[in-house]
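sequence and predicted model, in that order:
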Amino acid sequence: MKVLVLNCGSSSIKYQLFDMTTTTVMAKGLVQRVGMAGSTIDYRKGDDGKKKVYESDILDHKIGIQKIFELLTTGEEAVLKSLEELGAVGHRIVHGGDKFSSSVLITEEVKNAIRDCIVFAPLHNPPNLKGVEAVEEILPKVKQVAVFDTAFHQTMPAEAYIYALPYMFYEKHRIRRYGFHGTSHRYVASRAAKLLGKPLSELKLITVHLGNGGSVCAINKGKSVDTSMGHTPLEGLVMGTRCGDMDPALILHIMKEYELTISEMDNLLNKHSGVLGISQISSDLRDLEEDWPKKSERANLALDVYSHRIKKYIGSYIAVLNGVDAIVWTAGVGENSPIVRSIVHREMDWLGVKLDLEKNEVTWRGAEGDITTPDSKVKVLVIPTNEELVIAQDTMDCIKK
Ligand code: ADP
């Protein structure tokens, strides 16, 4: 079966077409600047074909998806004879609230439930839905599946997801911790079990997903029992431009002192904080790591605060899990930053973590590996995430059911 995976953001559409008989990528790419001047669509045949970039007027998500279909079926680099070959479309949907604990076939009822969750993810769920509706209009017969970022964390117990606010906020408005990056945490946990040669049901894992956003997850016997992001993706770790955990009283104080509106404060916390806020250099860790530790005091400080928060979460999740078998690093920073990994794992010998400094320095470039010494009691693994593959697999499983 051929499965198209779509990740529709507010102004972008990421896509990957899989041949699920061989689990290979047939084509992939990205539509950028949807609804803006200068929109482009890039296309790569196969997993590592040469990227071709096309300029095109892409006024909305439907036109963007139509262009993707055109590239998949026409021209020299086409990979499908016709769209009839397409078995199903799988969508990344950011927020499923507490209604979805696994991926589901999309029906009117599911679309309504995704709509109900717009209040929780106003920037993400609307474009996610636009993608679903666009495919419906272009290919009404093709089955579609929703894979939620929040679903994996629905196994969290109440003590991990209830905020210490008046209970009415939970009962009436479903204000609670949901967690995100679930597809990635789930994927790397299952790969870790394979690498360790043990069933997931016997493992205590801590997975650290660090991209532009970041989250840590405590996984007991394959189930998420706690995670650092909360009601929104702002809670938890220090991120590229997001502050993560902080004293909530500061929000009131800063708004009052600087006479900020709600949207200005929202902007400050989400777009101008994190490593960018501290360093005033960049939100991209590569810029701070250049010449590390000689770049600047503030670059070092940003890296230290960033890493310290990760260490704190790892420590607290070891307590939550009553131990840990392996710590797994993934996504842009997790896979590629030996500096962050080494700062976090510095002085963790009490835990039985012995990092192999040479292996840690290796640029893994898409490979999976163990970066500890053979006598390390707790293993530290680097595992590239592959959310698209999980979405394609879930899509196939839902269709088969
Ligand atoms: P997204 O969250 O958008 O999916 P990614 O998982 O691709 O993001 O991660 C993007 C981030 O990864 C960038 O902001 C950058 O800071 C970081 N990154 C990528 N390569 C490196 C590297 N070699 N060293 C440090 N950080 C890196």
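Cool, the structure landed.

give me phi/psi at the residue in the stretch 151-300 of the chain that the ligand sits nearest to?
Residue of the stretch 151-300 of the chain nearest the ligand, by CB to the nearest ligand atom: residue 211 (2.4 Å). C-beta: built from backbone N, CA, C; applies to glycine. Reported as degrees, to the nearest 10, the phi and psi values for residue 211 are phi -120, psi -140.

now do the contacts for it.
331-334 (CB atoms under 8 Å, 6 or more residues apart in numbering).

how about the residues of the stretch 151-300 of the chain by the ligand?
211-213, 240, 284-286, 289 (CB under 6 Å from any ligand atom).

ok, so of the contacts of residue 211, who is nearest the ligand?
For the contacts of residue 211, the nearest to the ligand is residue 332 (2.0 Å; CB to the nearest ligand atom).

pLDDT score assigned to the closest one?
At residue 332, the pLDDT value in this model is 94.

what's the burial count for it?
Counted with other CB atoms under 10 Å, the neighbours of residue 332 add up to 17.

any idea how far residue 250 is from the residue sitting furthest away from the middle of the chain?
If you look at how far each residue of the chain sits from its centre, by CA atoms, centre = their mean, the farthest one is residue 257, at 34.6 Å. Per CB to CB, to the nearest Å, residue 257 is found 10 Å from residue 250.

repeat that for residue 84.
As judged by CB to CB, residue 84 and residue 250 stand 57 Å apart.

where exactly do the strands run in this protein?
All strands of the chain, identified by DSSP state E, fall at 2-8, 12-19, 24-32, 40-45, 52-55, 86-93, 104-105, 143-148, 204-210, 214-220, 223-227, 326-330, 369-370, 379-382.

any part of the longest one near the ligand?
Which is strand 24-32. No - judged by CB under 6 Å from any ligand atom, strand 24-32 makes no contact with the ligand; its nearest approach is 11.3 Å.

direction included, what does that strand pair up with?
If you go by DSSP bridges, strand 24-32 pairs up with strand 12-19 (antiparallel), strand 40-45 (antiparallel).

which residues does residue 372 contact?
353-356, 359, 378-380.

kindly report the same for residue 240.
Neighbour list for residue 240: 212-213, 274-276, 283-285 [criterion: CB under 8 Å, 6+ apart].

export those residues to JSON lines and tack on pLDDT?
Output for these, formatted as JSON lines (pLDDT from 0 to 100):
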{"residue": "212", "pLDDT": "92"}
{"residue": "213", "pLDDT": "95"}
{"residue": "274", "pLDDT": "97"}
{"residue": "275", "pLDDT": "97"}
{"residue": "276", "pLDDT": "97"}
{"residue": "283", "pLDDT": "96"}
{"residue": "284", "pLDDT": "96"}
{"residue": "285", "pLDDT": "95"}
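
are any of those buried, and which?
Buried by 16 or more other CB atoms under 10 Å: 213, 274-276, 283, 285, out of the contacts of residue 240.

returning to that earlier point: measure the residue of the stretch 151-300 of the chain closest to the ligand to residue 370 for me?
From residue 211 to residue 370 the distance is 22 Å (CB to CB).

could you say what helices and strands the lowest-mean-pLDDT helix or strand in the chain packs with?
For the chain, counting by mean pLDDT, DSSP states H and E, helix 357-361 ranks last in confidence among helices and strands (a mean of 92). Applying 3 or more CB pairs under 8 Å, 6 or more residues apart in numbering; DSSP states H and E, we find helix 357-361 packed against helix 338-345.

the helix it packs on vs the ligand: in contact?
No - between helix 338-345 and the ligand, judged by CB under 6 Å from any ligand atom, nothing touches; the nearest distance is 7.3 Å.

contacts for that helix next, please.
210, 285, 289, 292, 303-304, 306-307, 310-311, 314, 329, 333-334, 353, 355, 357, 360-362, 371, 380, 382.

same check, this time on stretch 59-73
Residues from elsewhere that reach stretch 59-73 (CB under 8 Å, 6+ apart): 4, 6, 8, 13, 15, 17, 27, 29, 31, 34-35, 39, 41, 43, 54, 56-58, 77-83, 127, 130-131, 133-135, 137-138.

narrow these to those that are buried.
Buried members of those, scored by 16+ other CB under 10 Å, are 4, 6, 8, 13, 15, 17, 27, 29, 31, 34, 39, 41, 43, 58, 79-80, 127, 130-131, 134-135.

so residue 385 touches residue 186, yeah?
No - with contacts defined as CB atoms under 8 Å, residue 385 does not count as touching residue 186, sitting 10.0 Å away.

from the ligand, how far out is residue 146?
According to CB to the nearest ligand atom, to the nearest Å, residue 146 and the ligand sit 19 Å apart.

do residue 320 as well
To the ligand, residue 320 is 25 Å away according to CB to the nearest ligand atom.

chain center to the longest helix seen in the chain, what's the gap?
The longest helix of the chain (DSSP state H) is helix 297-321. Computed by CA atoms, centre = their mean, to the nearest Å, the chain-centroid distance of helix 297-321 equals 19 Å.

what is it packed up against?
Against helix 297-321 (3+ CB pairs under 8 Å, 6+ apart) you get strand 204-210, strand 214-220, strand 223-227, helix 274-279, helix 285-289, helix 338-345.

can you give me the buried ones in it?
In helix 297-321, the ones that count as buried by 16+ other CB under 10 Å are 299-300, 302-303, 305-307, 309-310, 313-314, 317-318, 320-321.
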